[in-house]
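Asks: 3D model of this:
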Amino acid sequence: MKAWKLYLLSSFLILTSCEEVIEVDLEESEPRLVVEASIIWLKGSTGNQQSIRLSKTSPFYQEEVEPVLNAEVNIYSANGREFNFSHSGNGVYISNTFEPILNQDYYLELTYNDQLYTATERMMPVTDIDYVEQSNSGGFTGDDIEIKAYYTDPADQENYYLFKFLTDDLSLEFYEDEFTNGNQIFGYYSDEDLEKGDEIDIFMEGISRDYFEYLFILRSQVGNNGGGPFETMPATVKGNVINQSNREDYPFGYFRLSQADSTSYIIE
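Replies: Here you go, the predicted model:
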């Protein structure tokens, strides 16, 4: 999980037209647990099959992600149901019996290396995607293709949304309804490389306020870091998973539950 690593500027020495790259020796910290626990209930499905991925942070120069193979993972619902997640390989834990219920609280419990990790979240509902609209006059140049996925925000509710636009790459956008409550509004996507015939898979998920704020901070720390040599290093972004055995040995990642709507669109 490179998002959780310490980033330093590589040094370059240029001497008499000869360039030498110096690899900085970095002090390595103890690996931390990384929890990727997004429980997504796609409309039209039962939502029974869910997965959670566990891994450990790795040194800066190591490309491989080390999976966690020997954890015990369970989710408990507020109505007393228990859902066991069994390891299926490569740090992925799967349940085929999960039962999603909108607006119900769920509790994650996982044990790893004799330490107990917990988190609590609510299954957040989402409205429908109404329709998708294409414009060919977007971007700074005025000739980029842009996509708008329209939805009608429920009135008198505080809602938060996560949009995923999937082509060859994945683009994430998230919104709150503070200024659009009860109105029809859209999730926006544009890419200068979009061409006629390209297919875009669009997912719209309901998320909690806490997860929205987590994404906002994460984007501020990671996405907008220009990486200048004198820039303040990003602060650690903690999720909602708590190490009950040792609060100082906190994990990274987030446990959340979302209902989702989806559609596909082919560029015209």
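Asks: residue 51 falls within a helix, correct?
Replies: No - under DSSP: H, G, I helix; E, B strand; the rest coil, residue 51 falls outside any helix and is assigned strand.
Asks: pLDDT wise, what is residue 79 at?
Replies: Reported pLDDT at residue 79 in the predicted model: 95.
Asks: and residue 231, by the same measure?
Replies: Residue 231 is given a pLDDT of 42.
Asks: and for residue 3?
Replies: With respect to pLDDT, residue 3 scores 38.
Asks: for residue 141, same thing?
Replies: We have a pLDDT of 70 for residue 141.
Asks: got the contact list for it?
Replies: Residue 141 makes contacts with residue 192, as judged by CB atoms under 8 Å, 6 or more residues apart in numbering. No exception for glycine: its C-beta is placed from N, CA and C like everyone else's.
Asks: ok, now residue 103?
Replies: With contact set as CB under 8 Å, 6+ apart, residue 103 has these partners: 122-125.
Asks: now secondary structure too, for the residues you listed, in JSON lines please.
Replies: Output for those, formatted as JSON lines (three-state DSSP):
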{"residue": "122", "secondary structure": "strand"}
{"residue": "123", "secondary structure": "strand"}
{"residue": "124", "secondary structure": "strand"}
{"residue": "125", "secondary structure": "coil"}
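Asks: show the buried residues in the residues you listed.
Replies: 122-124 (16 or more other CB atoms under 10 Å).
Asks: that older thread, closest to residue 74 out of the contacts of residue 103?
Replies: Checking the contacts of residue 103 against residue 74 by CB to CB gives residue 123 as the nearest, at 16.4 Å.
Asks: which non-adjacent residue is nearest that closest one?
Replies: residue 257 (4.2 Å; CB to CB, 6 or more residues apart in numbering).
Asks: run me through the strand neighbours of the helix or strand harbouring the one you found, direction for each.
Replies: Residue 257 belongs to strand 252-266 when assigned by DSSP states H and E. Strand 252-266 sits in its sheet next to strand 33-42 (parallel), strand 115-124 (parallel), strand 199-207 (antiparallel), going by DSSP bridges.
Asks: reformat the ones you listed as TSV; add mean pLDDT and distance to residue 148.
Replies: Formatted as TSV, these follow (pLDDT from 0 to 100; distance: least, CB to CB, whole Å):
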stretch	mean pLDDT	distance to residue 148
strand 33-42	97	22
strand 115-124	98	23
strand 199-207	98	10
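Asks: neighbours around residue 121, how many?
Replies: 22 (other CB atoms under 10 Å).
Asks: hmm, I typed the wrong one, I wanted residue 262.
Replies: 16.
Asks: please name the nearest non-neighbouring residue to it.
Replies: residue 203 (4.8 Å).
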